[in-house]
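> How does the following fold in three dimensions:
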Amino acid sequence: MNKNEQPCNRDMDNQKVMVAIRCITYNHEPYIRDALEGFVMQKTNFPFVAIVHDDASTDGTAAIIKEYAEKYPDIIKPIYETENQYSKRDGSLTRIMKEACEATGAKYIAMCEGDDYWTDPLKLQKQVDFLESHPDYGMCYTDFDGYDVDKDQRREMNIKDFSGNLYEMILNEIHNIWTLTVCYRSEYMNQIPLLDYNRYFVGDIVWFLTIASKSKIHCIYEKTAIYRILKDSASHFVDIKKRSTFRTLCCRTYNYFLENGIPVSEKTWNNVKRNLSKALISQSYYCNQKELLNEAHFPLSLITNVKDLLFYIFQYGKKSEILYLLLRKIVVILQ
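As a prediction, the model looks like this:
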């Protein structure tokens with residue numbers, strides 16, 4: 001389409017919403033304006049809306065959202081919480097956003113957190129054009145750049161152009177799909193499993209694996225967004241205990257799909273099991289949670305190097321307090 005076309009929703013009252021943008025934000029006052037600008041600048045030949053969920057921010061985030069909602073009422077659809085939903089860890093946030101997106105009747109869902117932002121005004125148009133012409137693909141993603149907030153510098157993210165059947169690549173953690181770049185068919189929202197927030201990472205991994213198990217995924221190898229690298233965020237922690245716990249939640253999620261998803265190769269099966277055991281053993285060390293060793297299962301057949309051997313030995317520390325304390329000292333050098 002012509003780059004000079006105006007943003008959607010003008011003279012489109014009789015058209016059905018094609019894309020619903022899913023944006024979750026909390027205390028993003030320094031960043032949310034960039035995210036909202038990235039939404040309203042989109043140039044499309046179809047209507048779209050942005051569901052912007054403020055999770056009871058304690059700064060000025062809600063006020064900025066209100067400003068944009070009043071200026072762009074056809075696009076910005078705010079949800080203001082009085083109680084933080086994410087901290088409940090009971091699925092409330094996921095349910096609220098799912099219901100809000102479903103209510104729009106959108107055919108596609110795009111995603112962007114409140115601290116990230118889009119830079120390409122044709123991002124949505126390019127993704128919808130591809131998905132409309134390729135019904136065997138359920139999702140597409142793009143390249144992007146990172147921005148290190150502390151260092152105040154742009155960072156190349158070295159995204160690879162992976163397209164096709166990506167299920168095993170995602171399980172093996174060699175994919176490069178990032179939430180702020182995706183656009184997927186809304187029909188998959190009802191197929192995403194509801195997992196226990198206290199045992200699994202219930203986030204983009206679940207969506208990506210669900211979609212990848214049912215369709216192909218395409219990479220539009222163009223930079224369309226900026227991912228802000230923050231010192232401490234929902235998926236990046238400075239605290240080693242939080243980081244090791246988060247890693248275990250992620251590995252449990254991969255393992256869930258391994259055991260409940262489509263068939264995979266023996267190599268992928270072993271790799272997921274190995275990674276889960278390593279995560280459990282590491283969390284046991286850093287958080288002093290010896291009981292996690294009961295969940296670890298690292299057989300000799302999965303050992304491929306000296307580091308694996310040390311993890312294998314460590315899991316048996318659960319049988320001896322002295323061995324456990326000794327091996328806890330070793331794990332730190334493995335990270």
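
> Could you use CA atoms for every contact and neighbour count after this?
Fine.

> Do a quick rundown of the helices in the stretch 151-300 of the chain.
Secondary structure of the stretch 151-300 of the chain, counting by DSSP state H, counting those that start in this stretch: helices at 167-171, 204-212, 240-260, 266-286.

> quick one: which of those helices is nearest residue 305?
Proximity to residue 305, assessed across these by CA to CA, is greatest for helix 266-286 (12.0 Å).

> What mean pLDDT does that closest one get?
Here helix 266-286 scores 88 as its mean pLDDT.

> Poorly predicted segments of this protein, please.
1-14, 232-238, 298-303, 306-335 (pLDDT under 70).

> Now the residue minimising distance to the centre of the chain. Nearest residue, chain neighbours left out?
Nearest to the geometric centre of the chain sits residue 204, at 2.9 Å (CA atoms, centre = their mean). Sequence neighbours aside, residue 179 is the residue nearest to residue 204 in space, at 6.4 Å (criterion: CA to CA, 6 or more residues apart in numbering).

> May I ask you to confirm that that neighbour is in contact with residue 112?
Yes: at 6.5 Å, residue 179 and residue 112 qualify as touching, with contact defined as CA atoms under 8 Å.

> And the helices of the stretch 151-300 of the chain: which comes nearest residue 87?
When the helices of the stretch 151-300 of the chain are compared by CA to CA, helix 240-260 sits nearest residue 87, at 14.7 Å.

> Can you tell me what sits against that closest one?
171, 198-202, 205-206, 209, 235-237, 264, 269, 272-273, 275-276, 279-280, 282-283, 286-287 (CA atoms under 8 Å, 6 or more residues apart in numbering).

> Turn the buried ones among the residues you listed into a named ChimeraX selection, would you?
Restricted to buried positions by 16 or more other CA atoms under 10 Å, the ChimeraX selection for those reads:
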select :171,200,201,202,205,206,209,269,272,273,275,276,279,280,282,283,286
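
> for the stretch 1-150 of the chain, what spans make up the strands?
Secondary structure of the stretch 1-150 of the chain by DSSP state E, counting those that start in this stretch: the strands cover 19-25, 48-54, 76-80, 108-111, 117-118, 137-148.

> Paired strands for the shortest one, with orientation please.
In the sheet, strand 117-118 lines up against strand 216-229 (antiparallel) (DSSP bridges).
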